[in-house]
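Participant: pasted the sequence and its predicted model underneath.
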Amino acid sequence: MEENNPTPAQEQSQTSSVSFPQSKKKSGAAKYVFFLIIILILGGWGWFLFGKQSENETIDEVTPTPFVNEEPSPSPEPEIDRSGIKIQVLNGTGLEKAATTLKETLTALGYEEIEAGNASRKDYKVTSVTFASDLSEAVKDDIEKTLDGIYEEVDTDEAEIKDFDIKIITGYPKGHTPTPTVTKTPVKSPTPTTATSSATVSPTKTPTPTP
């Protein structure tokens, strides 16, 4: 029998038919790798952008300032020049040393020119204070505050005062209980009456006395 040997053309045809699918398979794998690389690149880029945006949002967040309730500090009291203020203090109640005691209190505060005496009346219940119209408000407030701490009631006024800046007539101090005034009712003296009677003397009868 004769053996059928393949011709060169058949060998070339068989070689071509076998190698073509291998080339197609390699091309598909390359595409898969290419798409995988693209996906990884896009994923990494997206992750980078997302992280950057989150970082910016974190930085942009405003931290709230804690509220602190601060109490207002008291205003400093104005300085008062008390040395040149002329004050007249008059005892208006008749209580012993009422004017002298107030003078000592005002002297301790720094007032130097103070004159004490007695008022023309002794029935003042309310302390009366008269300020000169050109006197500073700081001095007025200082005097009123001092007197309000001593006396039951204080009445203030403004007027022209001769030789003084402040005139004070003392009233009842705090805690003072006025002594009740006893009013005496006049007693009427009885008017003596003179009785005149005439008796008839009888030589035979003796007069009888009235019971």
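Facilitator: Cool, got the structure.
Participant: now what about stretch 103-115, what contacts it?
Facilitator: For stretch 103-115, the surrounding residues in contact (C-beta atoms under 8 Å, 6 or more residues apart in numbering) are 80, 82-89, 116, 142, 146, 150, 164. (C-beta placed from N, C-alpha, C; glycine too.)
Participant: ok, those residues vs residue 133, which is closest?
Facilitator: Using C-beta to C-beta, residue 164 is the member of these that lies nearest residue 133, at 12.7 Å.
Participant: one step back: may I ask which two of the contacts of stretch 103-115 are separated the most?
Facilitator: 84 and 150 (23.2 Å).
Participant: of those two, who's got more company?
Facilitator: Legend: neighbour count by other C-beta atoms under 10 Å for residue 84 and residue 150, higher for residue 150 (15 against 9).
Participant: picking that back up, ChimeraX command for the buried members of the contacts of stretch 103-115?
Facilitator: Buried residues within the contacts of stretch 103-115, by 16 or more other C-beta atoms under 10 Å, are selected in ChimeraX with:
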select :82,85,86,87,88,89,116,142,146,164
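Participant: now, the contacts of stretch 103-115 that are in helices?
Facilitator: The helices in this structure, assigned by DSSP state H, contain 142, 146 from those.
Participant: and which of the contacts of stretch 103-115 is nearest to residue 33?
Facilitator: Sorting the contacts of stretch 103-115 by how near they are to residue 33, with C-beta to C-beta, puts residue 80 at the top with 96.2 Å.
Participant: give the contact list for that closest one.
Facilitator: Residue 80 makes contact with 110, 136, 138, 139, 142 under the criterion C-beta under 8 Å, 6+ apart.
Participant: got it, and residue 173?
Facilitator: Remark: with contacts taken as C-beta under 8 Å, 6+ apart, residue 173 is in contact with 95, 98, 150, 151, 152.
Participant: returning to that earlier point: state the pair within the contacts of residue 80 that is farthest apart.
Facilitator: 110 and 136 (14.3 Å).
Participant: looking at these two, which has the bigger crowd around it?
Facilitator: Neighbours per residue (other C-beta under 10 Å) separate residue 110 from residue 136, with residue 136 holding more: 15 against 12.
Participant: could you find the closest non-adjacent residue to that one?
Facilitator: Using C-beta to C-beta, 6 or more residues apart in numbering and skipping the chain neighbours, the partner closest in space to residue 136 is residue 80 (7.8 Å).
Participant: quick one: that neighbour from residue 36, how far?
Facilitator: Look at residue 80 and residue 36: by C-beta to C-beta, to the nearest Å, they are 92 Å apart.
Participant: residue 172 contacts residue 123, correct?
Facilitator: No. Shown here, residue 172 and residue 123 do not form a contact pair, counting by C-beta atoms under 8 Å, at 10.6 Å.
Participant: next one: residue 81 from residue 135, what distance?
Facilitator: From residue 81 to residue 135 the distance is 12 Å (C-beta to C-beta).
Participant: tell me which of the two has more neighbours.
Facilitator: A direct count of neighbours by other C-beta under 10 Å for residue 81 and residue 135 places residue 135 higher, at 15 against 10.
Participant: could you look up the SS state of that one?
Facilitator: Assigned state for residue 135: coil (three-state reduction, DSSP: H, G, I helix; E, B strand; the rest coil).
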